[in-house]
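> Would you be able to build a 3D model of this:
(chains A, B, C and D)
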2 protein chains.
Amino acid sequence: MTQQPVTARRTPLNRDRVLAAAVVLADEAGIESLSMRRLAQELAVVPMAIYKHVANKEELLDGMVDVIVGEIGPALHNPDWKDTVRTRVLSARQALLRHPWARQAIESRTGRTPAVLEYMDDFIGMFLAGGFSVDLTHHAMHALGSRMWGFTQELFDNEAGYKSEAEVPPEVQAAMVQDMSQRYPNILQVAMAARHDDGSVVGQGCDDQFEFEFALDLLLDGFERLHGQDWTSERAMRDRG
Amino acid sequence: MTQQPVTARRTPLNRDRVLAAAVVLADEAGIESLSMRRLAQELAVVPMAIYKHVANKEELLDGMVDVIVGEIGPALHNPDWKDTVRTRVLSARQALLRHPWARQAIESRTGRTPAVLEYMDDFIGMFLAGGFSVDLTHHAMHALGSRMWGFTQELFDNEAGYKSEAEVPPEVQAAMVQDMSQRYPNILQVAMAARHDDGSVVGQGCDDQFEFEFALDLLLDGFERLHGQDWTSERAMRDRG
DNA sequence: ACCTGAACACCGTTCAAGT
DNA sequence: ACCTGAACACCGTTCAAGT
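Numbers count the residues shown, from 1 in each chain, chains lettered A, B, ... in the order given. I've put the predicted structure just below:
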């Protein structure tokens, strides 16, 4: 009863539609499930059709990163550089947290797209506007590393890599703790201390947001101190000898 | 003229031989070229033979990481925790630098093998031996993140992602700088400042080792300060409140 | 019981044949 | 000129048939 013949496609494919669909697919099925073929299927299109809008899979991933960078709000410049940087990083973090695959995707990109370069340029501008030397700004950017994007490699997700309590019977848990305390006494101590009120036995009690801000503030405080004492890399290298 | 029949294999396959061959293959051909089939070929063996010594590719990668962790020398404990940690991190870095694929492999692992847990346990022990509280140790480990392994994500490898000077004709270079200065003036400033004596135009002048130590020392100094003032996460959270 | 060839269910991408 | 089915050269892993 529809007037349109079945062969007429609703919306013609374009780059933005391809990227948007790729982001949704990665969000919902995980980055490991994102293949050109699967994406084509999702778009109800033959695989080769995608290659009209994106040169290859690498460029697809670059484009997806650009979409996420676009989701980070603009910097709200205020006179306090520390506050400006801090706020921006935490807002980038919010964008990244919405797309769990983005961290890995950003990590794996080696080339920089214009959108990424623009973000970096903007970021550098926050330090320079705060009166930082180009030299200190340079090294501060390095020290921030991926924190500039609002993430760090979480080497400690759910502490020692064990399953959450609900999945493990109590007697096995007891044996695990026993075993851990013998083989990795220090890890166990830290894991037990990290357990907050969530009732797990070995970890998962980490407040990621707190950990992130702890390291971020440690670095920002360090930058502030060096800035205050007119740090230069030349002098630092001389002192290091 | 050989007495041995052709069918007799020289050395029977075992787990260690498989892992060693995988490490060599990744070193020489890159991690992206490491496939079960290619590895089997390298070992002059049918692909399925590998599965006798390793459950699947994930376990192969875990094993490879273990090999690299094994190459990190033992900690040289001395009374100065800061020196102990610093030395250990820099020696881990040396091991990692010998295997360019290792960074990515460690990043991608989610489970922790016994060898990795042992390394972490040992690492935590260095802070505890230095008189750190379990609480501060926990957060310090988080802040170090992948620096504990001697690496950080190098978001700035060869600065802005451009090719080295030799590959680019001068007039194109000039145009590039012109373009950069308009679109990304801040990046250009930093890149120009980072250019040391290596004669490149846009970057590649970064001293990776210096950048690494800069951030490491910033963090270690921060830990020392917090340790000196009996920092606790509870108080920090209350202050943040 | 052990080993392994063939097969399965995928990939990214090329290319030539169709409209 | 545009589009696309089939093909190519790979994957990791299963499985049943061979010894």
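> ok, residue A:70 - how many residues close by?
Counted by other CB atoms under 10 Å in any protein chain shown, the residues lying close to residue A:70 total 11. Using the backbone N, CA and C atoms, a C-beta is placed for each residue, glycine as well.
> Quick one: residues contacting it.
Residue A:70 makes contact with residue A:115 under the criterion CB atoms under 8 Å, 6 or more residues apart in numbering or on different chains.
> And it, how close does it get to residue A:23?
Using CB to CB, to the nearest Å, we find residue A:70 at a distance of 11 Å from residue A:23.
> Same question for residue A:69.
12 Å.
> pLDDT averaged over stretch A:39-53 - what is it?
The average pLDDT within stretch A:39-53 is 95.
> so who does residue A:90 touch?
Contacts of residue A:90 (CB under 8 Å, 6+ apart): A:150, A:213.
> Which elements pack onto the longest helix belonging to chain A?
If you go by DSSP state H, chain A has its longest helix at helix A:208-228. When contacts are defined as 3 or more CB pairs under 8 Å, 6 or more residues apart in numbering or on different chains; DSSP states H and E, helix A:208-228 packs onto helix A:81-97, helix A:134-144, helix B:134-144, helix B:208-228, helix B:233-240.
> Go again with 7 Å.
When contacts are defined as 3 or more CB pairs under 7 Å, 6 or more residues apart in numbering or on different chains; DSSP states H and E, helix A:208-228 packs onto helix A:81-97, helix A:134-144, helix B:134-144, helix B:208-228.
> for those helices, which one sits closest to residue A:117?
Evaluated with CB to CB, the helices and strands packed on helix A:208-228 place helix A:134-144 nearest to residue A:117, the distance being 13.0 Å.
> Outside of the closest one itself, list whatever touches it.
A:124, A:127-128, A:148, A:219, A:223, A:226-227, A:231-233, B:156, B:189-190, B:193-194, B:211, B:214-215, B:218 (CB atoms under 7 Å, 6 or more residues apart in numbering or on different chains).
> Likewise for stretch A:182-189?
Contacts for stretch A:182-189 (CB under 7 Å, 6+ apart): A:160, A:177, A:180-181, B:117-118, B:120-121, B:124-125, B:128, B:134.
> Looking at those, state which has the most neighbours.
The residue in the contacts of stretch A:182-189 with the most neighbours, by other CB under 10 Å, is residue B:124 (25 neighbours).
> so who does that one touch?
Shown in contact with residue B:124 (CB under 7 Å, 6+ apart): A:186-187, A:190, B:137, B:141.
> and the helix or strand hosting it, average pLDDT?
Of the helices and strands defined by DSSP states H and E, residue B:124 is found in helix B:114-129. Mean pLDDT, helix B:114-129: 94.
> neighbours of residue A:81, just the number please.
Counted with other CB under 10 Å, residues neighbouring residue A:81 total 20.
> Tell me how many other residues crowd the closest residue in space to it that isn't next to it in sequence.
Counting by CB to CB, 6 or more residues apart in numbering or on different chains, residue A:130 is the residue found nearest to residue A:81 once chain neighbours are left out, at 2.5 Å. By the criterion of other CB under 10 Å, residue A:130 has 19 neighbours.
> Backbone torsions only: list them for residue A:232.
phi -130, psi 150 (degrees, to the nearest 10).
> what separates it from residue B:213, distance-wise?
Distance from residue A:232 to residue B:213, counting by CB to CB: 15 Å.
> which residues sit in contact with the residue lying closest to residue A:119 once chain neighbours are set aside?
Nearest residue to residue A:119 in three dimensions, chain neighbours excluded: residue A:69, at 5.4 Å (CB to CB, 6+ apart). Residue A:69 sits next to A:115-116, A:119 when contact means CB under 7 Å, 6+ apart.
> would TSV of the residues you listed with distance to residue A:43 and neighbour count be doable?
TSV is the format used below for these (distance: CB to CB, whole Å; neighbours: other CB atoms under 10 Å in any protein chain shown):
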residue	distance to residue A:43	neighbour count
A:115	23	17
A:116	25	19
A:119	28	21
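> Switch those residues over to JSON lines; also include distance to DNA strand C.
Formatted as JSON lines, the contacts of residue A:69 follow (distance: CB to the nearest atom of the strand, whole Å):
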{"residue": "A:115", "distance to DNA strand C": "21"}
{"residue": "A:116", "distance to DNA strand C": "20"}
{"residue": "A:119", "distance to DNA strand C": "25"}
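> which of the contacts of helix A:134-144 count as buried?
For the contacts of helix A:134-144, a burial check counting by 16 or more other CB atoms under 10 Å in any protein chain shown picks out A:124, A:127-128, A:148, A:219, A:223, A:226-227, A:231, A:233, B:156, B:189-190, B:193-194, B:211, B:214-215, B:218.
> picking that back up, please put the alpha-carbon coordinates of the helix holding residue B:124 into PDB.
Extracted C-alpha coordinates of helix B:114-129, given in PDB (Å, rounded to 0.1, in the frame of the first residue of the first chain):
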ATOM      1  CA  PRO B 114      50.500 -14.400  37.900                       C
ATOM      2  CA  ALA B 115      53.600 -12.700  36.600                       C
ATOM      3  CA  VAL B 116      51.900  -9.400  36.200                       C
ATOM      4  CA  LEU B 117      50.300  -9.700  39.700                       C
ATOM      5  CA  GLU B 118      53.700 -10.500  41.100                       C
ATOM      6  CA  TYR B 119      55.200  -7.400  39.500                       C
ATOM      7  CA  MET B 120      52.400  -5.200  40.900                       C
ATOM      8  CA  ASP B 121      52.700  -6.800  44.300                       C
ATOM      9  CA  ASP B 122      56.400  -6.100  44.300                       C
ATOM     10  CA  PHE B 123      55.800  -2.500  43.200                       C
ATOM     11  CA  ILE B 124      53.200  -1.800  45.900                       C
ATOM     12  CA  GLY B 125      55.800  -3.200  48.400                       C
ATOM     13  CA  MET B 126      58.200  -0.500  47.500                       C
ATOM     14  CA  PHE B 127      55.800   2.200  48.700                       C
ATOM     15  CA  LEU B 128      54.800   0.300  51.800                       C
ATOM     16  CA  ALA B 129      58.500  -0.300  52.700                       C
END
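> What residues does chain A have near DNA strand D?
Neighbours of DNA strand D within chain A, by CB under 7 Å from any atom of the strand: A:45-49, A:52.
> Highest neighbour count among those residues?
residue A:45 leads those on contacts (other CB under 10 Å) with 17 neighbours.
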